[in-house]
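**Student:** Sequence and predicted structure below; questions after.
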Amino acid sequence: MVRWNGGAAMTGHLRLGVNIDHVATVRNARGGEHPDPVRAARIAAEVGADGITAHLREDRRHIRDDDIARLMGEIDLPLNLEMAATDEMLAIALKHRPHAACIVPEKREERTTEGGLDAYGQHNSLTPFVARLLDAGVRVSLFIEPSPEQVEAAIRLGAPVVEFHTGRYAHRVGAPQVEELRRIADMAALAAKNGIEPHAGHGLTFDNVAPVAAIPQIAELNIGHFLIGEAIFGGLGESVREMKALMAAAR
Ligand SMILES: CC(=O)[C@@H](O)[C@H](O)COP(=O)(O)O
Ligand SMILES: NCC(=O)COP(=O)(O)O
């Protein structure tokens, strides 16, 4: 597994991080070992994914601890470990030292990640958390809403990356969607101007990815649920290839 070199990760290439959480959702539905999320990561790597994202939730509803261990041991792509800001998850991240850790909010009752991390309100508790991960050579990303308050909080926390939650963009249409896209673009520019690498993710699909991919400062998109759903019909390799082609065409 690749590790972050501690330097600025900004490049012109728009990277695709494939989130394999929902391969594990299907696996866990029967309590067995198939389909294997690590096999999905291997297929994604073979067809050109730039990284793998996996969300180890506190309730282990999909990705499990052993999945993270196997991803680290068997997959050569950078692993972006999504995690809540808890002592348990910090210990796991420090044990594995993935390429990156993306700090996300978690509510047990939520169906999926409903909003961004409140980096502004949680500044004091996040400060040592971010520092410990950075000291271990893990590239820290904060999964936040595209707002000036949250970007400024990320700057104060010294996070090298932010990932904008695109759920509100993905679930709106017409003028409200355009307005949300503008917020994301403005916040990507604000982050980049302050030396923070902007990413985006959540709810992105073939139909809505292009306008987000066209935002020049955005360096990485993390996409999962839609790709795994599409894989049911045309195979994971094909869905990843198609998403990468759409992202490249938008630049
Ligand atoms: C943080 C994020 O947007 C995704 O990783 C999402 O969390 C996928 O996992 P869930 O669908 O379990 O939220
Ligand atoms: N951080 C977003 C992510 O990893 C994937 O979100 P989704 O595509 O599963 O909604």
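**Tutor:** Cool, the structure landed. Numbers count the residues shown, from 1 in each chain. Ligands and ions are numbered 1, 2, ... in the order given.
**Student:** going forward, measure contacts between C-alpha atoms and count neighbours the same way
**Tutor:** Fine.
**Student:** mind checking the backbone torsions on whichever residue of the stretch 51-200 of the chain sits closest to ligand 1?
**Tutor:** Nearest residue of the stretch 51-200 of the chain to ligand 1, counting by Cα to the nearest ligand atom: Thr112, 3.4 Å away. Here is the backbone geometry of Thr112 (degrees, to the nearest 10): phi -150, psi 180.
**Student:** if I look at it, how far off is ligand 2?
**Tutor:** 8 Å (Cα to the nearest ligand atom, to the nearest Å).
**Student:** again, but for Glu238
**Tutor:** Taking Cα to the nearest ligand atom, one finds Glu238 at 16 Å from ligand 2.
**Student:** Pull up the residues of the chain that are close to ligand 1.
**Tutor:** Asp21, His55, Val104, Thr112, Thr113, His202 (Cα under 6 Å from any ligand atom).
**Student:** dump the residue contacts of the last one.
**Tutor:** Counting by Cα atoms under 8 Å, 6 or more residues apart in numbering, His202 touches His165, Thr166, Gly167, Ala170, Asn222, Ile223, Gly224.
**Student:** Quick one: neighbours of the residue of the stretch 51-200 of the chain closest to ligand 1, just the number.
**Tutor:** The tally of other residues near Thr112 (other Cα atoms under 10 Å) stands at 10.
**Student:** Quick one: the helices in the chain, in order.
**Tutor:** Taking DSSP state H as the test, the helices found in the chain are 21-30, 37-46, 65-74, 87-96, 123-135, 148-157, 167-170, 174-193, 209-213, 225-234, 236-250.
**Student:** Please save the CA atoms from the third one in CSV.
**Tutor:** Written as CSV, here are the backbone C-alpha positions of helix 65-74 (Å, rounded to 0.1, in the frame of the first residue of the first chain):
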residue,chain,number,x,y,z
ASP,A,65,-11.5,-4.2,10.5
ASP,A,66,-10.1,-7.2,8.6
ASP,A,67,-11.0,-5.6,5.3
ILE,A,68,-8.8,-2.6,6.2
ALA,A,69,-5.9,-5.0,7.1
ARG,A,70,-6.3,-6.9,3.8
LEU,A,71,-6.5,-3.7,1.7
MET,A,72,-3.3,-2.5,3.3
GLY,A,73,-1.6,-5.8,2.7
GLU,A,74,-2.8,-6.7,-0.7
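**Student:** quick one: pLDDT of the spatially most central residue of the chain?
**Tutor:** The residue lying closest to the centre of the chain (Cα atoms, centre = their mean) is Asn222, at 4.4 Å. pLDDT recorded at Asn222 is 98.
**Student:** Was I right to think it contacts Asp21?
**Tutor:** No: counting by Cα atoms under 8 Å, Asn222 does not reach Asp21; the two are 11.5 Å apart.
**Student:** Mutual contacts of those two, please.
**Tutor:** Thr53.
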